[in-house]
Structures are given as structure tokens and as C-alpha cells.
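Chemist: Build me a model from this:
(one chain, ligands or ions: 1)
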Amino acid sequence: MTQTSTRAERAISTGRAERVVTAGSDLIGRTPLYELTRTGSGSRLLLKLEQFNPTGSCKVRMAREMILAAERSGALKPGGHIVEPTSGNTGCGIALVAIERGYRFTAVVDQHASRDKLRAMQAMGVHLLYVEGTGGGPSTVERRKVAQRIANDTGAFWPDQHYNPNNNAGYAGLASELLDDLDGDLDYLVGAVGTGGTLCGTVKELRRLGSQAVSIGVEPKGSIIFGGPAGSYWQTGAGAPGGFTVGTNVDHTLIDEGLTVADIDAFTAARVVAKRTGLLIGGTAGAAIHVALKRLALVEPNSTMVVLVCDAGEKYLDTLYNDDWLRERHLLNEAAHQRLNRLFTAYQESIRLAAASNARRRA
Ligand SMILES: Cc1ncc(COP(=O)(O)O)c(C=O)c1O
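Modeler: Alright, predicted model coming up:
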């Protein structure tokens, strides 16, 4: 083969194709499954690590889907302007796709969002429009009103992630990845719920593909999606505050069980996972893992439970991974850490006991 041979010729001669992408969005999907723990009865808890998507979260899947669908329908014209309220992850996803496809993007945000998500959007050239929240909580209601007004006044495209069916449709790939990567069906899928897109979109496609998985939705304590009383919470991305009208993308027919998790338990779980695995995950993933770890002991033997990890812990170094930030909010709780560590230890012990009993039976 001469120096001047083309890449195609070289690929044929070596039998290997190069794996090089030319767009950030080509990196979306095919995220790994990681076994966090298992039990002596053969059940395992797997994490679908969506932080391995570009922008560090699952939401880039739906950002791409909403934008491509808007191009197809004509709602978004070449060189157009997108406006969307976001706690950060949707915004980062839209920012990436907007850069690739030549759109201007205004993100309507508040100070409740993680500073690192806001900084990431700024780094990608997004125009951030701040809206005041009430009572220190997320300003989900106000942010939507501002986005709607801008869309009405300027003709900007407002994807409206709480009602846009292409949010949920963006997770079809996630569902097929789960079934492709597992040897058979999963039995439980646990995920945090905000707009509903991640969990309901994944479950809808799983069911279409014949999965029998039980779905468990998790929201912060104080969020009103599953009918609990309103209160304040510090988990960001998931949940809906009091006064918010929950959008149609939360499809209750696709959520078998809805549970709330307090900030202390969500953040403790994330921190314990970081210390035990070296993988940093976000607070809403912590909430889902808290639920899954408690449930794993109760499920039928040989179950496969999957937790959707929505985003990376690196986005929360100033908050849930910062002892001072937690202390100021009375969220640093040694007893909760110990309780969770005891669960991990109990699972390890159950494996040891099962192995010993198997060995005795064989002897
Ligand atoms: C960190 C995090 N967790 C959970 C969710 C909830 O996902 P969904 O809106 O798809 O229900 C979001 C949504 O933005 C998020 O950013």
C-alpha cells in the first residue's frame, strides 16, 4: 500500500474501519450498564450511566429529537431561534444540537440550577435569561411563562419539554439499548421524573418491544407529581413544585409506582456511590438508587433492576458533594450514610452466605 492510498483503500486492506465521529451528537447513546451490587439470591442492581452522553446527561437524547422533529414540521426554520426554560441538562443538550445545526438558543433559567450547568451553557454560547424564583425554590412556573412570552412575541421556537411528545420519543434508543445489552428482559426500571420524558419514554418503547418491566418513578419529597404535599427540595431536574401544572409527558399509565425521596437520602446515596465506586452521579440518580437499594432485597430471586442515572456528579461539586453546602441546609447526615453503607454490606454478606450454602450442598 502506497503513501497516497485513500483511507477507504487502507480500511479495505486492513479490514478495520476507523471509528471517528464528526459531530458531538454522533456520541449520543450506547451508554454503559454498570453493576452496582447484587444479592445472594442472584438479583442485581444495574446503573444505566447516561452521564456518558455528550453534555453529561440523558437529556441530550430528547433535545436532538425535539429539534429534528421541529425541523421536519417547519416549526424551526434555518438560522432560527430556540427558547426553552431549563434547570440545565435540557439546556446543555439543546445547546449542543443548536450549535451543530446553526440555531440561536436562549435558556430561561434561575439561580436554583447547578452553577456548573449554567457555566456549561455559557461556555457553549447560550444566552441565559434569569428569572426570579419564589421562596428559594425552582421557578418552574415563572420560567415557562417567560419562555412562552418570548416565543409569542418573537416567533422563536419553544420546544416545551413538558408537553412535547418528541421529548418522550427521544428515549426510544435508550430502551432498545437496554434490551440489546441484557441477556433477556429487565424486571424493574427505576428513574427520576421531572417532565416524565426519560422514564415514560423509555417504558413506552420497552413495552412496545415486549418488555414486562415494572416501572418505578421517583421524585423529590416536596414535589407534587405523585400527589404528595408541596414543599421545598434541593434536587434539581426532577420533580415539580407546588403550583405547577404537571405536563402531559408524565404518563401515569406508564409508571407502575411513584415514590418520593428526601434530599438527605438522595444526596447520601450519590455520595456513598461516589466513595464506593469512583463514579460521580447526580442527586436525582442518588434518589433512584436509594429506592432501588432498598427494594432489591424484596424482589424475586434473579431479578434485574436498572436505575436510570440522568446525569454526572461533576455538575454538583459545589452542592451535594460540598460538605459546607450540605451542612448549611442540614442535609449532611452521618446516620443516613451509615444506613446506606449497611445495605451494601448486607448484600455482600448475602452473596457470601449463598456461596457458602452452595458449597455445603455440593460437598
Ligand atoms: C438531573 C435530572 N434528573 C432527572 C430529570 C428528569 O428527567 P425527565 O424530565 O425526563 O423526567 C432531569 C430533567 O431535566 C434532570 O436534569
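Chemist: for the chain, which helix is longest?
Modeler: For the chain, the longest helix by residue count, based on DSSP state H, is helix 334-362.
Chemist: Please name every helix or strand in contact with it.
Modeler: If you count contacts as 3 or more C-beta pairs under 8 Å, 6 or more residues apart in numbering; DSSP states H and E, helix 334-362 packs onto strand 33-38, helix 263-277, helix 283-296. All C-beta atoms are positioned from the backbone trio N, CA, C, and that covers glycine.
Chemist: any idea of the mean pLDDT in that helix?
Modeler: For helix 334-362, the mean pLDDT works out to 93.
Chemist: ok, now stretch 278-293?
Modeler: pLDDT averaged over stretch 278-293 gives 98.
Chemist: Which residues in it does the neighbour count mark as buried?
Modeler: Neighbour-count burial for stretch 278-293, counted by 16 or more other C-beta atoms under 10 Å, picks out 279-293.
Chemist: Could you export that stretch as CSV, keeping only the C-alpha atoms?
Modeler: Taking only C-alpha atoms (Å, rounded to 0.1, in the frame of the first residue of the first chain), the coordinates of stretch 278-293 have been written out as CSV:
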residue,chain,number,x,y,z
GLY,A,278,-15.4,6.3,42.0
LEU,A,279,-18.3,7.2,39.7
LEU,A,280,-19.8,10.6,40.4
ILE,A,281,-23.6,10.7,39.8
GLY,A,282,-26.2,13.4,40.2
GLY,A,283,-28.7,13.8,43.1
THR,A,284,-31.7,12.5,41.3
ALA,A,285,-29.8,9.4,40.4
GLY,A,286,-29.0,9.2,44.1
ALA,A,287,-32.7,9.3,44.8
ALA,A,288,-33.4,6.5,42.4
ILE,A,289,-30.6,4.4,43.7
HIS,A,290,-31.9,4.9,47.3
VAL,A,291,-35.2,3.4,46.2
ALA,A,292,-33.6,0.6,44.3
LEU,A,293,-31.2,-0.4,47.0
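Chemist: any idea which residue sits dead centre in this structure?
Modeler: Taking C-alpha atoms, centre = their mean, the centroid of the chain lies closest to Cys310, which sits 1.6 Å from it.
Chemist: so what pLDDT did that residue get?
Modeler: Listed pLDDT for Cys310 reads 98.
Chemist: quick one: it from Gly93, how far?
Modeler: 11 Å (C-beta to C-beta, to the nearest Å).
Chemist: Now distance to Tyr103 too, for the helices and strands packed on helix 334-362, in TSV please.
Modeler: What follows is the helices and strands packed on helix 334-362, written out as TSV (distance: least, C-beta to C-beta, whole Å):
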stretch	distance to Tyr103
strand 33-38	33
helix 263-277	33
helix 283-296	28
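Chemist: nearest to Val83, of these?
Modeler: helix 283-296 (24.4 Å; C-beta to C-beta).
Chemist: residues near whatever residue of the chain ends up closest to the ligand, how many?
Modeler: Here the residue of the chain nearest the ligand is Gly237; by C-beta to the nearest ligand atom that distance is 2.3 Å. Gly237 has 29 neighbouring residues, counting by other C-beta atoms under 10 Å.
Chemist: tell me the pLDDT at it?
Modeler: 92.
Chemist: Please name the residues that touch it.
Modeler: For Gly237, the contact set (C-beta atoms under 8 Å, 6 or more residues apart in numbering) comprises 87-89, 192, 194, 282, 284, 310-311.
Chemist: Please flag which of the residues you listed sit within helices.
Modeler: Counting by DSSP H, those place 89, 284 in helices.
Chemist: out of the contacts of Gly237, which touch the ligand?
Modeler: 87, 89, 192, 194, 282, 284, 310-311 (C-beta under 6 Å from any ligand atom).
Chemist: possible to save those as CSV with distance to His252?
Modeler: Listed next are the ones next to the ligand among the contacts of Gly237 as CSV, based on distance: C-beta to C-beta, whole Å:
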residue, distance to His252
Ser87, 22
Asn89, 23
Ala192, 16
Gly194, 15
Gly282, 24
Thr284, 19
Cys310, 20
Asp311, 24
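Chemist: since we're on Ala63, how many residues are nearby?
Modeler: There are 32 residues near Ala63, going by other C-beta under 10 Å.
Chemist: My guess is it contacts Gly88. True?
Modeler: No. Here Ala63 does not reach Gly88: they are 11.9 Å apart, not a contact under C-beta atoms under 8 Å.
Chemist: could you measure the closest residue to Thr154 other than its chain neighbours against Leu317, distance?
Modeler: Excluding the flanking residues, the one nearest Thr154 by C-beta to C-beta, 6 or more residues apart in numbering is His81, at 6.7 Å. When C-beta to C-beta is applied, the distance between His81 and Leu317 equals 32 Å.
Chemist: Can you verify my assumption that Val291 contacts Val190?
Modeler: Yes. Using C-beta under 8 Å, Val291 is in contact with Val190, at 5.7 Å.
Chemist: which residues does the closest residue to Ala297 other than its chain neighbours contact?
Modeler: Nearest in space to Ala297, with sequence neighbours left out and distances taken as C-beta to C-beta, 6+ apart, is Thr39 at 6.8 Å. By C-beta under 8 Å, 6+ apart, the contact set of Thr39 is 296-297, 347, 350-351.
Chemist: Tell me how far Thr39 lies from Ala269.
Modeler: To Ala269, Thr39 is 17 Å away according to C-beta to C-beta.
Chemist: next one: Tyr103
Modeler: Between Tyr103 and Ala269 the computed distance is 37 Å (C-beta to C-beta).
Chemist: And these two? Which one has more around it.
Modeler: Ala269 (28 against 22).
Chemist: Which residue ranges of the stretch 51-200 of the chain form helices?
Modeler: Using DSSP state H, counting those that start in this stretch, the helices of the stretch 51-200 of the chain run over residues 59-73, 89-101, 115-123, 140-154, 165-169, 172-181, 197-208.
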